[in-house]
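Student: Build me a model:
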Amino acid sequence: MAERIQVLQRPRTGTQVLVVEKDAAVAARLKACLGGEGFSVTVAETAGAMRAAVARTPVDLVILDVALPDQDGWSALRWLRMRRTVPIIMLTGTTKPVDTTIGLELGADDCLAKPVDPGDLVARIRAIQQRRDDAHAAANTDEAICFADWTLDIVNQQLRSEAGQAMHLTQAEYRILVLLARNPRRVVSRDELMDVATGRDWEPFDRSVDVHISNLRRKIDPDPSQPSLIRTVRGAGYMFVPSRGA
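Tutor: The predicted structure is shown next:
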């Protein structure tokens, strides 16, 4: 199958969105919707086209369909997450919670079931942009939070080990960790965590926060099976308990 990439000219101040969608009609609707909101859009119909687009075009955010003709979207997500820290919104074919869980575990920032409501999609993109702007505005030029064997560099939005090695975090994971680290030994509710991670209110059956917390524990806690840094407070939320600093 020939790989087709459609590129709209990027406005000087526009946000570049890469839409990876095999259905040309769906892609056209998304492109028209986002273009009407002032976004600059690149459309790729396959995972191969996505890789080519990422190499050729500056990308600020990716909308990625889970069903692609040449590779499943989960594999494409893993490939993209290993190379880019940009926010990724997954489009799934069902409303099953397992799809959202898989997407978040693999590094997606948000998941939407198809058919996509254009207004909802734009709202989620705007929320991601606002959270990034807020994070930059809140960064203190000399702020760094040290805990266990890690240093959380707020200015550069980076987590480093004592040896200086950077640990990759998704945007949602980073924002959650900053909120927890800035509030040590205080119970942080799921509502607060959901707000910084996705900009939405937490609902009882939404496991997004728990998945992000689980991912963070695997990355930073010495023993994720018995977490000591991010502790669960049943019925209330989570508590960050640093062993030093903070």
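Student: Now the residue nearest in space to the middle of the chain: phi and psi?
Tutor: Nearest to the mean C-alpha position of the chain, counting by CA atoms, centre = their mean, stands Asp109 at 2.4 Å. Taking degrees, to the nearest 10, you get phi -90, psi -30 for the backbone angles of Asp109.
Student: per-residue confidence for it?
Tutor: Each residue has a pLDDT score; the one for Asp109 is 84.
Student: so what's the residue lying closest to it once chain neighbours are set aside up against?
Tutor: Nearest residue to Asp109, sequence neighbours excluded (CB to CB, 6 or more residues apart in numbering): Pro87, at 4.5 Å. The C-beta positions use only the backbone N, C-alpha and C, and glycine is treated the same way. The neighbourhood of Pro87, defined by CB atoms under 8 Å, 6 or more residues apart in numbering, consists of Asp60, Leu61, Val62, Asp109, Asp110, Ile128, Arg132, Gln171.
Student: circling back to that earlier point, from Arg81, how far off is the residue nearest to the centre of the chain?
Tutor: Applying CB to CB, to the nearest Å, the value for Asp109 to Arg81 is 10 Å.
Student: After the helix or strand where Val209 lies, which helix or strand is next? Please name it.
Tutor: For Val209, the enclosing helix or strand under DSSP states H and E is helix 208-220. Scanning forward in sequence from helix 208-220, with DSSP H and E defining helices and strands, the next element found is strand 230-233.
Student: Direction included, what does the helix or strand just after that following strand pair up with?
Tutor: Following strand 230-233 in sequence order, the next helix or strand is strand 237-240 (DSSP H and E). Listed by DSSP bridges, the sheet partners of strand 237-240 and their directions read strand 187-189 (antiparallel), strand 230-233 (antiparallel).
Student: Before I go, just wanted to say thanks for your time.
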